[in-house]
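Enquirer: the following comprises the amino acid sequence and a computationally predicted model.
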Amino acid sequence: MRSRSIISKLSATVVFVWAMAGQATVSAADTKAGLSNWFETVAEAERMAEADAEAARAKVPAANGGDPVGPAVVPPPPFDLAALQGLIAERHRLVDRTKLFVSLTKLAKGQKLTTGEQKKFPADFKAWLTSYVKLRAVVPTNRCDPNLPAVTNALEAAIGGRQDFGEGRILAAACHLYGGDFQQADQRLQEASKFLGEHALNVSPPGQDCCFCWLALQKPQAVKGYVETLENPKKFPPRIMTAYQALLVGNHGWQTAEFNNAKTFYQLVVSKADVFTNPPGPAVTPLIADAALFFLAAGNEGVRDPARAEKLLDTIVPGQHAANSWQVRRARAALKATKAEQAVAAGDSEAADVLWQEAVAEITASRSESIPTLDAEIDEQLNAYRERKVWYRKRR
């Protein structure tokens, strides 16, 4: 994901922003404002994904009960292969009809779009992102989801017939991650990263998901340059960063033991998500859980903030599918362990006993559903709680 060169090339192209109502405007990206508009497009796409999540779930029986970010409270419905194939076919028709990737290839090469291409590009690109949001809602985020194999196979079949289905490779990689096939996930992410670079899409929502998957695969070195671009205020102004983008930098910092930098961006996650004013929606809840886990379990005592973590977890809306996601349960386990330690220090052994038992139950449930790349680490966490010790992620 060669984001530095792509971003510099974007400064000589045409990009656009759209309002939440869907009204689009075109702006020349050879100006400073134009480049900012490209990043605002990404922010709007994320807000669109959050706003459209309910609509996507209503139209497509998603593999995990419709929620794109956590295990369903009720058993998932049978996988609807025809519905997924219909979404993929709709995406292919859109790409073929609009010639969108012809324009994106030009942008990646720093070439000017024709007047006609400039006119069509905003609506075409938004339609493609809308298609991606719908496809992403179908992908399971729970290794126990009985529909995971069917979704994986359907995406793999679609990839085989289309070299330009880059976003499909990202979604397939996510499926392989939950399915435990790390070699195949790596292969798909390599293909997707090449595709994103060739089409100036590194800073798009699919590009961000690709970065997230590389981090989930425990390969932060694969996105080092990408993350450096996001955290560089001269190349990427903090005022336009989204909560998800801040999370990517925070996760990278935590994986690479850059604790102070990670803290800065996890704090930015909280600020951008504005969860203390507006309760987090289903797409934001796992981000808040990751931030809370960091404030509880970071290997550097100076950056830990259990009180802040508890406040974050208190913002999560009960009854939401995402409220019982494995990310939230893992963070809740860490909070209960911290409180158990505090109860021991206060001499309340009875309360501590209950909290240790609850911490073990929460982390056991999280372990059963989480991405398998985390198995060894979560086992460490589980064993620590069984031994009635607080767990911290150490430098690796």
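Expert: Everything's here; your move. This is a predicted model, so every value here is computed, not measured.

Enquirer: count of neighbours near residue 202?
Expert: Here the count is done by other CB atoms under 10 Å, and residue 202 has 26 residues near it. Heads up, the C-betas are built off the backbone N, CA and C, glycines and all.

Enquirer: pLDDT score for it?
Expert: At residue 202, the predicted lDDT confidence score is 88.

Enquirer: element containing it, please.
Expert: Mapping residue 202 onto the secondary structure by DSSP states H and E places it in no helix or strand at all.

Enquirer: would you mind measuring from it to residue 228?
Expert: Computed with CB to CB, to the nearest Å, the distance linking residue 202 and residue 228 is 12 Å.

Enquirer: same deal with residue 135?
Expert: Computed as CB to CB, the residue 135 to residue 228 distance reads 29 Å.

Enquirer: between those two, which is the more surrounded one?
Expert: Between residue 135 and residue 228, counted using other CB under 10 Å, the more crowded position is residue 135 (23 against 15).

Enquirer: isn't the more buried one right next to residue 89, touching?
Expert: No: assessed by CB atoms under 8 Å, residue 135 is found out of contact with residue 89, at 11.5 Å.

Enquirer: quick one: which helix or strand includes residue 379?
Expert: Element membership for residue 379 (DSSP H and E) is helix 375-386.

Enquirer: please name every helix or strand in contact with that helix.
Expert: With contacts defined as 3 or more CB pairs under 8 Å, 6 or more residues apart in numbering; DSSP states H and E, the secondary structure elements packing on helix 375-386 are helix 326-345, helix 349-369.

Enquirer: would you mind finding the most buried of those helices?
Expert: Mean neighbour count (mean count of other CB atoms under 10 Å) peaks for helix 326-345 among these, with a mean of 23.

Enquirer: ok, now which ones touch residue 170?
Expert: 188-189, 192, 206, 209-210, 213 (CB atoms under 8 Å, 6 or more residues apart in numbering).

Enquirer: now those as JSON lines including neighbour count and pLDDT?
Expert: Compiled in JSON lines, these are given as follows (neighbours: other CB atoms under 10 Å; pLDDT from 0 to 100):
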{"residue": "188", "neighbour count": "27", "pLDDT": "98"}
{"residue": "189", "neighbour count": "27", "pLDDT": "98"}
{"residue": "192", "neighbour count": "28", "pLDDT": "96"}
{"residue": "206", "neighbour count": "25", "pLDDT": "94"}
{"residue": "209", "neighbour count": "21", "pLDDT": "94"}
{"residue": "210", "neighbour count": "30", "pLDDT": "96"}
{"residue": "213", "neighbour count": "27", "pLDDT": "97"}
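
Enquirer: and residue 315, how close does it get to residue 327?
Expert: Taking CB to CB, one finds residue 315 at 14 Å from residue 327.

Enquirer: same question, residue 348
Expert: To residue 327, residue 348 is 29 Å away according to CB to CB.

Enquirer: follow-up on the earlier one: next step: the contacts of residue 170 restricted to helices.
Expert: With helices defined by DSSP state H, the entries of the contacts of residue 170 inside them are 188-189, 192, 206, 209-210, 213.

Enquirer: count of neighbours near residue 92?
Expert: Using other CB under 10 Å: residue 92 sits among 17 other residues.

Enquirer: and the pLDDT for residue 83?
Expert: Taken from the predicted model, the pLDDT recorded for residue 83 is 94.

Enquirer: now it, what's its secondary structure?
Expert: In terms of secondary structure, residue 83 is helix; the call rests on DSSP: H, G, I helix; E, B strand; the rest coil.

Enquirer: begin at 409, not 1, for the rest of this chat.
Expert: Yep, numbering from 409; the last one is residue 491 now.

Enquirer: neighbours around it, how many?
Expert: Applying other CB under 10 Å, we find 15 residues neighbouring residue 491.

Enquirer: over to residue 584?
Expert: The burial metric for residue 584, expressed as a neighbour count using other CB under 10 Å, is 24.

Enquirer: host element of residue 584?
Expert: For residue 584, the secondary-structure element it belongs to, assigned by DSSP H and E, is helix 574-587.

Enquirer: how about that helix, which residues are buried there?
Expert: Using 16 or more other CB atoms under 10 Å as the burial criterion, the residues of helix 574-587 that qualify are 574-587.

Enquirer: check stretch 506-517 too.
Expert: Applying a neighbour-count criterion of 16+ other CB under 10 Å, one finds 506, 508-509, 511-512, 514-516 buried in stretch 506-517.

Enquirer: in a markdown table: these, plus distance to residue 566.
Expert: Compiled in a markdown table, the buried residues of stretch 506-517 are given as follows (distance: CB to CB, whole Å):
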| residue | distance to residue 566 |
| --- | --- |
| 506 | 19 |
| 508 | 17 |
| 509 | 16 |
| 511 | 23 |
| 512 | 20 |
| 514 | 26 |
| 515 | 25 |
| 516 | 23 |
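
Enquirer: pLDDT added to these, as JSON lines?
Expert: Converted to JSON lines, the buried residues of stretch 506-517 look like this (pLDDT from 0 to 100):
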{"residue": "506", "pLDDT": "96"}
{"residue": "508", "pLDDT": "95"}
{"residue": "509", "pLDDT": "95"}
{"residue": "511", "pLDDT": "93"}
{"residue": "512", "pLDDT": "93"}
{"residue": "514", "pLDDT": "92"}
{"residue": "515", "pLDDT": "89"}
{"residue": "516", "pLDDT": "88"}
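
Enquirer: which of those fall in helices?
Expert: Within the buried residues of stretch 506-517, residues falling in helices by DSSP H are 506, 508-509, 511-512, 514-516.

Enquirer: if we can go back for a sec, and the helix holding residue 584 with helix 508-516, angle?
Expert: Computed by axes from the mean of the first three to the mean of the last three CA atoms, to 10 degrees, the angle separating helix 574-587 from helix 508-516 equals 90 degrees.
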